[in-house]
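Colleague: I would like the atomic coordinates for the input below:
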Amino acid sequence: MSKISDRQLEEILQRCDITEIIAGYIPLKKAGRNFKALCPFHHEKTPSFVVNPDKQIFHCFGCGAGGNVFSFIMKNERMDFPEAVKLLADKVGVRIVTETEKEAGAKHSVSIILYKLNELAAWYFQQNLLKASEAKKARDYLIKRGISKESVSDFRIGFAPDLWDGLLTFLRSKRINDNLLFKSGLVIKNAQDRIYDRFRNRIIFPIFNAQAKIVGFGGRTIDVSGDAAEQHQDKGPKYINSPETDIYIKSKNLYGFNFSKRFVQQEEYCIVVEGYLDFIVPYQAKVKNLVASLGTAFTHEHVRLLKRYTNNVVIVFDSDEAGQGAALRSLNLLIEEEMNVKIADLRKGFDPDSYVRKYGAEEFLNRVKAAKTLFDYKLDLLLLKFDKESPEGKAQIAGMMLETIGRFKNAILRTTYIKKLSEALSIAEETLIFELKKINPSTQFFGKTGKSASFPKVYKKTKAAEKMLISLMLENGEFIEQLKEKMHYSEFTDPTVRKIAMYLYQSSKDVQPAAILKNLNDEEVSSFICNLLVSDSGVNDRKKSFDDCIRKVKIDGMQLKLDEIQKQIKNAKQTAEELKKLLKDYHCLKKEQRFYEKGKKKAGQKSC
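Modeller: From the prediction side, this is the model:
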């Protein structure tokens, strides 16, 4: 997305009511001038999440999360800033105009129409499933597969009749031109320029993006007996999906993620399955932290989407050879993106759909919890395929395992897996390392390890006086001008406070907190300011408190300087002249500090 103007950001902020936006995600309860709730960003029993409608900010006293409405959407939806702006702009009816307005505007208009067109198609398909007599086999099939009426409704499942122009006629009746129909991927043109429906005599599964908009469709055949047709010359493959369009890019979508993303966040791991029913059947059985890849190999976009919510993945594909191969194909990219990956084995002949129907959700979750590390899973498969007792088999296993081990960025993990592989194959570690360096010459083993992922430090204890000065300046801009005359912003010792003070010194006296959050775009700053604004300072005489805090900051600053001079004196590396100057500075500064402590010296007066 091109740069969004400050004017547009301000317009979006002005139109958004943070209370209304957040209430759309979690229940808020009035508490004086504020609203309170259980924090959506960490587990708690007592509400510590506060929304201040006057300042248009939120803050959690439990985990320290805080900010404006953009910050909330970014954290809750796991979006980056442009995505959050786009979502809120759509909510409040602001059209974002970027530097590439004409090109983006045209594409945006087409996208809006395609979303509406898909909605019409989904309605048409579902009405057919629910009401058409020819859809009886489809209804019976779904019942046989254990799909509830609620799931049919929630997932918008439908049926495409066995007609060449059923959907085509319906959409043309809505005055949609053929060019848009081609763009949607819902119709096809043959060599004779005949237009016909892409989906015919199939159960239809709408494909949603992460924001719950329909971007495409998948169609599954059923035969006359009600069983899924694996392959029929007259019916085509078991599954066909929409082609890529302006709104449907396979590499960026995971089926069901719009339903499951908050559960993935809560459970702190994601189960990855393969097909539509592999997702729907466990989901309706209350296993909700999952997504389906729809047979598409994992891409960087898929992984980045998941990483917004968790770093932990359990792959559960079919137990046949094809399923095992699909699991292995997903491994390399997940490793490179530093995801924690495990693979769960189901009993032979089962997929997640059939396993949950036969053994239940609890037994399915037991299999998930017993998932193997990707190292153990791949090694076990290779030990079944090759003879580890023969030199050739041993070399095959080692080569394939080293290809995986070499993708780990963490040297500790690489070293650990080399040791395990050495023990499993009875090959010296040095030999395996030698072979691995052929694959990746830059591989290191006992050097510095990669940094582990950590959450940003969003709140830290700050000296009360510095904190109070920022609070007073935010409350009354007159204090900004007064403080500028009495002390420099560099005299603040806390880096976060210093950053806020520097911004305030350079701003007008009527600066708004929301503007600081937007312009500084710093999570520590957001948390600090929001904490101040939703807290009651308990100060009655603000002018006295202001002067007292300046005195305290000055005294603390002098003490730091005195400690530093003492260290220099103790080092005794100075010349006699330098030592004399240090002693003079020390006594002068100490004298000034005493005057401040007694209240006899005012900030801004010259020192000795």
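Colleague: those helices in the stretch 101-250 of the chain, which residues are they?
Modeller: 101-131, 136-144, 149-154, 166-173, 178-184 (DSSP state H, counting those that start in this stretch).
Colleague: Report all helices and strands that the second one contacts.
Modeller: Judged by 3 or more CB pairs under 8 Å, 6 or more residues apart in numbering; DSSP states H and E, the packing partners of helix 136-144 are strand 202-208. Just so you know, the C-beta spots here come from the backbone N, C-alpha and C atoms, and that holds for glycine as well.
Colleague: strand partners of the strand it packs on, parallel vs antiparallel please.
Modeller: Applying DSSP bridges, strand 202-208 is found paired with strand 158-160 (antiparallel), strand 214-221 (antiparallel).
Colleague: need the contact list for Phe375.
Modeller: Taking CB atoms under 8 Å, 6 or more residues apart in numbering, we find Phe375 in contact with Met401, Thr404, Ile405, Tyr417, Lys420.
Colleague: Identify, from these, the entry nearest to Phe298.
Modeller: Checking the contacts of Phe375 against Phe298 by CB to CB gives Thr404 as the nearest, at 14.7 Å.
Colleague: now that closest one: how far from Ala65?
Modeller: 37 Å (CB to CB, to the nearest Å).
Colleague: who's more crowded, the two?
Modeller: Between Thr404 and Ala65, Ala65 has the larger neighbour count (other CB atoms under 10 Å), namely 25 against 18.
Colleague: So what's the gap between stretch 190-208 and the chain middle?
Modeller: Distance, stretch centre to chain centre, for stretch 190-208: 34 Å (CA atoms, centre = their mean, to the nearest Å).
Colleague: how about low-confidence regions in the stretch 51-200 of the chain?
Modeller: 97-108 (pLDDT under 70).
Colleague: With adjacent residues omitted, what lies nearest to the most centrally placed residue in the chain?
Modeller: Nearest to the mean C-alpha position of the chain, by CA atoms, centre = their mean, lies Arg308 at 1.8 Å. Closest residue to Arg308 apart from its sequence neighbours, by CB to CB, 6 or more residues apart in numbering: Arg78 at 2.8 Å.
Colleague: and the one you found, how many neighbours?
Modeller: 20.
Colleague: so how far is Val314 from it?
Modeller: 19 Å.
Colleague: Please apply the same query to His42.
Modeller: 23 Å.
Colleague: So for these two, which residue has more residues nearby?
Modeller: Val314 (21 against 13).
Colleague: ok, now which ones touch the more buried one?
Modeller: Val314 sits next to Tyr269, Cys270, Ile271, Val272, Val341, Lys342, Ile343, Ala344, Val368, Ala371 when contact means CB under 8 Å, 6+ apart.
Colleague: change it to 7 Å
Modeller: Listed by CB atoms under 7 Å, 6 or more residues apart in numbering, the contact partners of Val314 are Tyr269, Ile271, Lys342, Ala344, Val368, Ala371.
Colleague: Mind checking which of the residues you listed land in helices?
Modeller: Among these, DSSP state H puts Val368 in helices.
Colleague: worst-scoring helix or strand of the protein, pLDDT-wise?
Modeller: Lowest on mean pLDDT, DSSP states H and E among the helices and strands of the chain sits strand 231-232, with a mean of 44.
Colleague: Give the helix, strand or coil label for the nearest residue to Asp585 once chain neighbours are set aside.
Modeller: Closest residue in space to Asp585, ignoring its immediate chain neighbours: Ile565 at 6.0 Å, by CB to CB, 6+ apart. Of the three states, Ile565 takes helix under DSSP: H, G, I helix; E, B strand; the rest coil.
Colleague: which residues does Ile565 contact?
Modeller: Contacts of Ile565 by CB under 7 Å, 6+ apart are Leu582, Asp585, Tyr586.
Colleague: Now with 8 Å, please.
Modeller: Leu582, Asp585, Tyr586, Leu589.
Colleague: And the helices of the stretch 101-250 of the chain: which comes nearest Leu532?
Modeller: It's helix 101-131; of those, that one is closest to Leu532 (CB to CB) at 38.6 Å.
Colleague: Leu382 touches Met401, doesn't it?
Modeller: Yes. Under the criterion of CB atoms under 8 Å, Leu382 makes contact with Met401 at 6.8 Å.
Colleague: Those two - which one has more neighbours?
Modeller: Met401 (22 against 19).
Colleague: so where does that one fall, helix or strand?
Modeller: helix 391-405 (DSSP states H and E).
Colleague: Just give me the neighbour total for the closest residue to Ile188 other than its chain neighbours.
Modeller: In space, Ile188 comes closest to Arg198 once its chain neighbours are excluded; the distance is 5.3 Å by CB to CB, 6+ apart. Arg198: 20 surrounding residues under other CB under 10 Å.
Colleague: Just list the residues touching Arg198, thanks.
Modeller: If you count contacts by CB under 8 Å, 6+ apart, then Arg198 has Gly185, Leu186, Val187, Ile188, Gly219, Ile240, Ser242 around it.
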